[in-house]
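Engineer: Structure of the sequence below:
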Amino acid sequence: MPIPDDRPGFLRRFFGGLWWLVDGSRRLVFNLLFLAIVVALVVGWLRSGPPRLQDKTVLVLDLRGALVEQYSGSPRQQALAQAQGQDTDQVALRDLLGVLDAAARDDKIGSVLLMLDDFGGAGLANLREATMALERFRKASGKKVVAWATHYSQAQYYVAAAADEVYLHPMGMVGIQGFGRMRNYYLDAFDRLGVKANVIRVGKYKNFGEPYFANEPSKETLESDAFLYDALWSSYTSAVEAARKLPAGHLMKGIDALPERLAAKGGNVAQLALAEKLVDGLKTPDELRAMLIERGARDETSKSFRQVRFASYLDRQSPRHSGPAIGVVVAEGNIEDGDAPAGAIGGRSTAALVRKAREDDDIKTVVLRVNSPGGSAFASELIRRELELTRAAGKPVVVSMGDVAASGGYWIAMAADEVIADPSTITGSIGVFGMLPTGEGLMEKLSLHTGGYATTWLAQGYDPRRPLDPRFAGLVQSAIGGIYTDFIGKAAAARKTTPDKIDAVAQGRVWTGTQALERGLVDRTGSYGDALAAAAKRAKLDPDPRIVYVERDPGPMERVLRLLGADTLAGQAAAVVEQQIAARLPPSAAAADALWPGWRREFGWLSDVIERRQPFTATAHCLCTPP
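Structural biologist: Purely as a prediction, here's the structure:
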């Protein structure tokens, strides 16, 4: 009987075992490789912190963009700009103050270098915050601050003057020219077009709408502007002269004699700045670099002085995440109805932030940091009411006024335990206005006509194509008058005085923080730090409390949509359209744009008034910007 041949089965088992060994080895190798990668990533993450600073490191404050209370724009826009190495054109005041305070305690930081060429400035109040932070750094640490720029604008020089030494490029200049503003007036132009502004206001100094019904500023506007700008200019010059140890009046004398003094220097503006003691020396970048290497330490890698940049040093700071805290709500920008993104104030969204702070058990007190010229009266009241409820809940509320806290910006400050303004804050402007533009004359010039049927006169009370119905104008005047009465009534209650006394200093007039204090509109003048200290004291917190900035948290889906750009499609499309239109504009249009800076701002908002046709909408806005 033949013996069965088992070789096929043996071969199958052999090659099967061999494949198992090969496949197992493959899996093992790949698993080990994967594990090695994971371990490397974890170790790399644990060691990914910035390199340790060495002694005599110079903190380079290369400030880029405007000094703001809060970064504007979506997180995606900011992240993409940073990832692409682009400037975000903003410096948060809180970041600058935090970095300087940390550097004063850091033994590795030997000095500070201010690089101000790209600094966009701010209003005088926030510039003062920056200079006070520099002074705290110098006094607390004994370390030097050096400033350098190719050219100094007026705002840049105000900050630079707080340094121990100020240097300028040999071909540079210091541009100090004073404060003031020029506005366009459109009455004659509107008459030629057949357009009427129909401005309705309460307050003889409430001059937001004045350019649309006049050809020149009123005496009240000139009086108010002179009183405001003279005070701000005095504050600027006295601060600079004190910082630079110059005699009082030195800057004004230099401006008055500028033509003769510049001619005597052969037109060399840098030499003039040196002669006028505005700077301590003229240095090119390589000369500045050599000086800092000699004073500090040389970095062999960069072949320059040992340094850490502002953004890098900021990333090294670690905020506290637990314990009792002061909740800071930032109110910066125009006040709008509904929701608004960071860098603007929405009646609904900012009120929600106040409510969020009130309902957070870790937050024991609230500081409202205001930098706003106002806007919607209704939105302002929504925010004020939430602050009132916060006080009623037992949490103290302190208002800190920045560059501007006027009109609606003052309205939201009327529910605080304490109001602290910078001496140079622009505030007040307690007044209300409305505008109902009509173009019946333009319709006639174009031979256009309109007509139709309505069940009531009110349905056609306001139509921008037809003359304004006097009854409708009376309704709006009554509504605006009622809002003004409410405004001064709430202000009187907040300031513990009478409506008549508030009315006497209201009427839409703006004041500096110091002038507002003299008129009882604020409790005292002081800094942002003073407001934080006052809030901590009222809430019985430690002298160095945790600070929490209360901001809207995006949900998971919103984070995805933001990453994909869904929130910016309209803005991107608008930008493309604007670029295409600009490219096709005739030279005359481009010239008009250069001749009338800000014309889009002055007229763009009118389209919203015409489109919505809300007869009882009142605006509490001062149209005032920091000089």
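
Engineer: And the strands in the stretch 51-200 of the chain?
Structural biologist: Applying DSSP state E, counting those that start in this stretch to the stretch 51-200 of the chain gives strands spanning 57-62, 65-68, 90-92, 109-115, 119-121, 144-149, 165-168, 199-202.

Engineer: what do you get for the stretch 451-600 of the chain?
Structural biologist: 510-512, 524-525, 546-549.

Engineer: From the contact counts, what lies against the first one?
Structural biologist: Okay, so that is strand 510-512. Judged by 3 or more Cβ pairs under 8 Å, 6 or more residues apart in numbering; DSSP states H and E, strand 510-512 is in contact with helix 219-243, strand 426-428. Just so you know, the C-beta spots here come from the backbone N, C-alpha and C atoms, and that holds for glycine as well.

Engineer: Parallel or antiparallel, list what pairs with it.
Structural biologist: strand 426-428 (antiparallel) (DSSP bridges).

Engineer: what mean pLDDT would you report for the strand it pairs with?
Structural biologist: In this model, strand 426-428 has an average pLDDT of 96.

Engineer: Not counting its own residues, what contacts it?
Structural biologist: Outside strand 426-428, the residues within contact range by Cβ atoms under 8 Å, 6 or more residues apart in numbering are 123, 228, 373, 401, 403-406, 409-410, 421, 505-506, 509-513, 516, 521-522, 622, 624, 626.

Engineer: helices and strands of the chain: which one bottoms out on pLDDT?
Structural biologist: helix 569-584 (a mean of 41; mean pLDDT, DSSP states H and E).

Engineer: Next one: Trp293 from Asp280, what distance?
Structural biologist: For the record, residue 293 is Ile, not Trp. Going from Ile293 to Asp280 by Cβ to Cβ, to the nearest Å gives 18 Å.

Engineer: how about low-confidence regions in the stretch 51-200 of the chain?
Structural biologist: The model of the stretch 51-200 of the chain has pLDDT under 70 over residues 73-88.

Engineer: the helices in it, which residues?
Structural biologist: In the stretch 51-200 of the chain, the helices defined using DSSP state H, counting those that start in this stretch lie at 75-83, 93-105, 124-141, 154-160, 187-193.

Engineer: Enumerate every residue touching the residue most central in space within the chain.
Structural biologist: Centroid check for the chain by Cα atoms, centre = their mean gives Val68 as the closest residue, at 3.2 Å. Residues in contact with Val68 (Cβ under 8 Å, 6+ apart) are Gln90, Val91, Ala92, Leu93, Ala122, Glu332, Gly343.

Engineer: one more time with 6 Å
Structural biologist: By Cβ atoms under 6 Å, 6 or more residues apart in numbering, Val68 lies in contact with Gln90.

Engineer: Tell me the bridge partners for it.
Structural biologist: Beta-bridge partners for Val68, by DSSP bridges, are Ala92.

Engineer: give me every residue that touches Ala243.
Structural biologist: By Cβ under 6 Å, 6+ apart, the contact set of Ala243 is Ala161, Ala162.

Engineer: What's the separation between it and Met291?
Structural biologist: 21 Å.

Engineer: Can you report how many residues lie near the residue found closest to Arg295 once you drop the neighbours it is linked to in the chain?
Structural biologist: Excluding its sequence neighbours, the residue lying closest to Arg295 (Cβ to Cβ, 6 or more residues apart in numbering) is Ser111, at 7.4 Å. By other Cβ atoms under 10 Å, the residues close to Ser111 number 23.

Engineer: Check Gly431 too.
Structural biologist: 30.

Engineer: What's the separation between it and Ala66?
Structural biologist: 28 Å.

Engineer: Likewise for Met173?
Structural biologist: 21 Å.

Engineer: and what of Leu292?
Structural biologist: 27 Å.

Engineer: Of these two, which one has the most company?
Structural biologist: Ranked by neighbour count (other Cβ under 10 Å), Leu292 and Ala66 place Leu292 first, with 23 against 16.

Engineer: show me where pLDDT drops low in the protein?
Structural biologist: Short version for the chain, where the test is pLDDT under 70: 1-19, 21-24, 26, 29-30, 38-49, 73-88, 554-619, 622-623.

Engineer: Leaving aside the residues adjacent along the chain, what's closest to Lys356?
Structural biologist: Closest residue in space to Lys356, ignoring its immediate chain neighbours: Val550 at 5.7 Å, by Cβ to Cβ, 6+ apart.
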